[in-house]
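1. one predicted model, sequence on top.
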Amino acid sequence: MFALVCAVFVSIFACFLAGLNLAWTALAGASLIMVLARRDTHEVLKLVDWHLLVCFSALFVVVDGLSETGLPDAIYRHLQPMFGAHVTTQAWNLTWFSVAGSNIFSNVPFVLVAGKWIARFAEPLLMWKVLALATTFAGNLTIIGSVANMIVVESAREHIQVGFWVTRDAASRSRS
């Protein structure tokens, strides 16, 4: 089974490199693995966290809708003087702004919005790297910094109490 999954994974990767549609390629690969696994499909689908899937899908719809309003462009026009004209200044200011934005809005939606600004910077390739690095690290600063953090906290809810601070009682219970 492991060899089949690896073969499907390599095929999916090859399709991505060939420029095929990412979503359809991923769905085809997942479907193929489900068929090859010969497991009861209903049992597998019961394991899917549908609420999370809908929430994550809605996140992309909202971000795309926000982008269509022109608000992100208006925000950039107001922030452009803050970013500065020199590459080093732009890199540092984009870093701090990305850290803040990632922890206010979560890193994935922030990147989807801020990514549209990158072409306007002095060195776009460098700014893509800055945005990627800053938002990746920023996603680990708070629970809402990354959707992955929210998934982990939700999954751990029965084992540990998580709030702004992990409570002393919950932390001591987790050690025992």
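-> Yep, that arrived.

2. so who does the residue lying closest to Leu133 once chain neighbours are set aside touch?
-> The shortest distance from Leu133 to any non-neighbouring residue, by CB to CB, 6 or more residues apart in numbering, is to Thr95 (7.8 Å). Where C-beta positions appear, they are placed from N, C-alpha and C, glycine not excepted. Residues in contact with Thr95 (CB atoms under 8 Å, 6 or more residues apart in numbering) are Val130, Leu133, Ala134.

3. Thr95: which element?
-> helix 87-105 (DSSP states H and E).

4. got the buried residues for that helix?
-> By 16 or more other CB atoms under 10 Å, the buried positions in helix 87-105 come out as Gln90, Ala91, Leu94, Thr95, Phe97, Ser98, Val99, Gly101, Ser102, Asn103, Phe105.

5. quick one: which of these is nearest Ile118?
-> Leu94 (8.7 Å; CB to CB).

6. ok, back up a step: neighbour-wise, give me the winner out of the contacts of Thr95.
-> Ala134 (25 neighbours; other CB atoms under 10 Å).

7. now it: closest residue in space that isn't a chain neighbour?
-> That would be Ser98: by CB to CB, 6+ apart, it lies 3.8 Å from Ala134.

8. how close does that neighbour sit to Ala138?
-> Separation of Ser98 from Ala138 (CB to CB, to the nearest Å) stands at 6 Å.

9. hmm, Pro72 is touching Val113, no?
-> Yes: at 4.7 Å, Pro72 counts as touching Val113 under the criterion of CB atoms under 8 Å.

10. joint contacts of these two?
-> Contacts common to Pro72 and Val113, judged by CB under 8 Å, 6+ apart, are Leu66.

11. could you check which helix or strand contains Ser67?
-> Assigned by DSSP H and E, Ser67 falls in helix 50-69.

12. what comes into contact with that helix?
-> For helix 50-69, using CB under 8 Å, 6+ apart, the contacting residues are Pro72, Ser106, Val108, Pro109, Leu112, Val113, Lys116, Val147, Ile151, Glu154.

13. alpha carbons only: can I get that helix in CSV?
-> Extracted in CSV, the C-alpha atoms of helix 50-69 (Å, rounded to 0.1, in the frame of the first residue of the first chain):
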residue,chain,number,x,y,z
TRP,A,50,-16.6,19.1,7.9
HIS,A,51,-17.1,22.2,10.1
LEU,A,52,-13.4,23.0,9.7
LEU,A,53,-13.5,22.3,6.0
VAL,A,54,-16.5,24.7,5.5
CYS,A,55,-14.8,27.3,7.7
PHE,A,56,-11.6,27.1,5.8
SER,A,57,-13.4,27.3,2.4
ALA,A,58,-15.4,30.3,3.6
LEU,A,59,-12.2,32.0,4.6
PHE,A,60,-11.0,31.9,1.0
VAL,A,61,-14.4,33.2,-0.2
VAL,A,62,-14.3,36.1,2.2
VAL,A,63,-10.7,37.0,1.3
ASP,A,64,-11.5,36.9,-2.4
GLY,A,65,-14.6,39.0,-1.8
LEU,A,66,-12.6,41.5,0.2
SER,A,67,-10.0,41.7,-2.6
GLU,A,68,-12.8,42.5,-5.1
THR,A,69,-13.9,45.5,-3.1
